[in-house]
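**Student:** Need coordinates for the following:
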Amino acid sequence: MSTGSAVVCLVVGPDEHGVVVEALRQHAALSRVGAGAGVDARLVRLAERPTADALLAAVREAPPGPVLVHVTDKLFGRSALEAADVLEALAAQRRLVVALHDLPQASDGATNHARRTTGYVRVARAAAAVLVASRHEARLLAACGVSAEEVPVAVVPLPVPVLPAGPRAVRPAEAVAVLGYLYPGKGHDDVVAALDALPPGVGLLAWGTPSSGHDDLVDALAAQAAALGRTVEVTGWVPDEALPALLRSAVVPVAPHAHLSASGSINLWVAAGRRPLVPRSDYAEELLERSPGCVVVYDDLPAALAAAWADPASTWAPEGSRPSPTADDAAALVRRVLDRLETAA
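**Tutor:** The predicted model follows:
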C-alpha cells in the first residue's frame, strides 16, 4: 500500500476464539510490516456478536481504506445466513477484504452444508477480495460456486506463532494429547478408540474446552474411555502462558481432525518443536510442502500411536527447525492483496 494509506482491521468475537487470536496477531504483524512504509493498520475491536448497525457504527469513525475482517459464520450470526446479512450490509458501505475460515465442506452434513454454502457464497461475492488459509480452502470455496472471475482469492497460510523458549521433555511419553476445542468430528473419539495400541493405563489428555453446545462430549468421551479401560482428562481452557510447557511435555501429540482445511492447533504444536500425528489429507501435504517434516502423517492411527510411543523422539522436530510462514511473511502476503486493491481503485 502507498505511504499514508490505511487498512482497518475489524476483529469480532471473544479473545479466546481461534479466529480472533489469528486476526489480532495479523493486525500486529500488519502494523510491524507497514510501519516503515507509513501504512496505518487501525484496529476496530468488537467482543460481542454484532448487528449490522453495530458494525457500521464501529467502522464509521475509522480512516478510509479497505476493511479487513476475519470471518467464521458463528462469530457474525446465529446462522451462516444471518452472518451474511450482517457482512453484506457492511460491504455496501466499505470495501471488504474477507479472510474466510471454516469453509463449508461435506462433513458439515447435508442440511448444514447447504445453508453454510449459501452464506459463505454471499459473503465472498460481497467482498472486494477474499483470503483463505490453504489451497485446499481455495478449492472448497470454488466448490461452493465462487469463481476467481467473480472475486480475487488469495492464499495466506496461517503463520506459525513464536512461543517462549523452554526445555523439551526428556522422559518417555506418558499420555496422548489433543489440543483445542472439543466438537463433533474433531477426532477425540478416534484417539480414544486407538488407545488399545498402547500399554494399559495410557489415557487421553484433551487440552481445551467443548465448543458452544457440545458440553455433552465430555461425558461421552469419558464413557467411551471407561468402556475400554482407559481415561480421558478434559482440562478446560488452557491459558496462553501455560501452553508452551504443556506442548513440550512428555506426551504424544495428535491432531486427529480428518477434515482440516487449516489448523491453528497444529501450528502451535509445530511452534513448540513438536511433530504432531495428523491424518493424511490435502492440507497435511501443504504443511509438509511449506515445512518438510513438520508433522507425521498417518493412514492408520493405532499403528501411528504405537510407533510414536515406541520412539517418542520421532514426535520432536530437529533443534533449530524454522517452520514457515512467520507472522510477518503472512502479513506481507496480505499487503500484496491490499496493494492490488489500491492500484485497481
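**Student:** For my notes, confirm Arg45 occurs in a strand.
**Tutor:** Yes. Secondary structure of Arg45 (DSSP: H, G, I helix; E, B strand; the rest coil): part of a strand.
**Student:** and the residue nearest to it when sequence neighbours are not counted, how many neighbours does it have?
**Tutor:** Distances taken as Cβ to Cβ, 6 or more residues apart in numbering place Val11 nearest to Arg45, at 5.2 Å, with adjacent residues excluded. C-beta here means a position set from N, CA and C on the backbone, and glycine is covered the same way. By other Cβ atoms under 10 Å, the residues close to Val11 number 23.
**Student:** how about whatever helix or strand Val11 lives in as PDB, C-alpha atoms only?
**Tutor:** If you go by DSSP states H and E, Val11 is part of strand 6-12. Below are the C-alpha coordinates for strand 6-12, written out as PDB (Å, rounded to 0.1, in the frame of the first residue of the first chain):
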ATOM      1  CA  ALA A   6      -4.600   2.700   5.900                       C
ATOM      2  CA  VAL A   7      -6.300  -0.600   6.400                       C
ATOM      3  CA  VAL A   8      -9.000  -1.100   9.100                       C
ATOM      4  CA  CYS A   9      -8.600  -4.400  10.800                       C
ATOM      5  CA  LEU A  10     -12.100  -5.300  12.100                       C
ATOM      6  CA  VAL A  11     -11.900  -8.100  14.700                       C
ATOM      7  CA  VAL A  12     -15.100  -9.500  16.100                       C
END
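**Student:** Give the buried residues for that strand.
**Tutor:** Residues Ala6, Val7, Val8, Cys9, Leu10, Val11, Val12 are the ones in strand 6-12 that count as buried (16 or more other Cβ atoms under 10 Å).
**Student:** sorry, back to before: now do the contacts for the residue nearest to Arg45.
**Tutor:** Shown in contact with Val11 (Cβ atoms under 8 Å, 6 or more residues apart in numbering): Val20, Ala23, Leu24, His27, Leu43, Val44, Arg45, Leu46, Val69, His70.
**Student:** And Arg274, by the same measure?
**Tutor:** Applying Cβ under 8 Å, 6+ apart, the residues near Arg274 are Leu247, Arg248, Pro253, Thr315, Trp316, Ala317.
**Student:** Check Gly208 too.
**Tutor:** Val178, Leu179, Gly180, Tyr181, Leu182, Val234, Thr235, Gly236, Trp237, Val238.
**Student:** Got phi/psi on it?
**Tutor:** Main-chain dihedrals, Gly208, degrees, to the nearest 10: phi 160, psi -170.
**Student:** circling back: tell me the spacing between the residue nearest to Arg45 and Leu46.
**Tutor:** 7 Å (Cβ to Cβ, to the nearest Å).
**Student:** and what of Gly180?
**Tutor:** With distances taken as Cβ to Cβ, Gly180 is found 24 Å from Leu46.
**Student:** Likewise for Val151?
**Tutor:** 24 Å.
**Student:** circling back: filter the contacts of Arg274 down to just the ones in helices.
**Tutor:** Among these, the residues falling in helices (DSSP state H) are Leu247.
**Student:** List the buried residues in whatever helix or strand comes next after the strand holding Val11.
**Tutor:** Of the helices and strands lying after strand 6-12 in sequence (DSSP H and E), the nearest is helix 18-35. By 16+ other Cβ under 10 Å, the buried positions in helix 18-35 come out as 18-31, 33-34.
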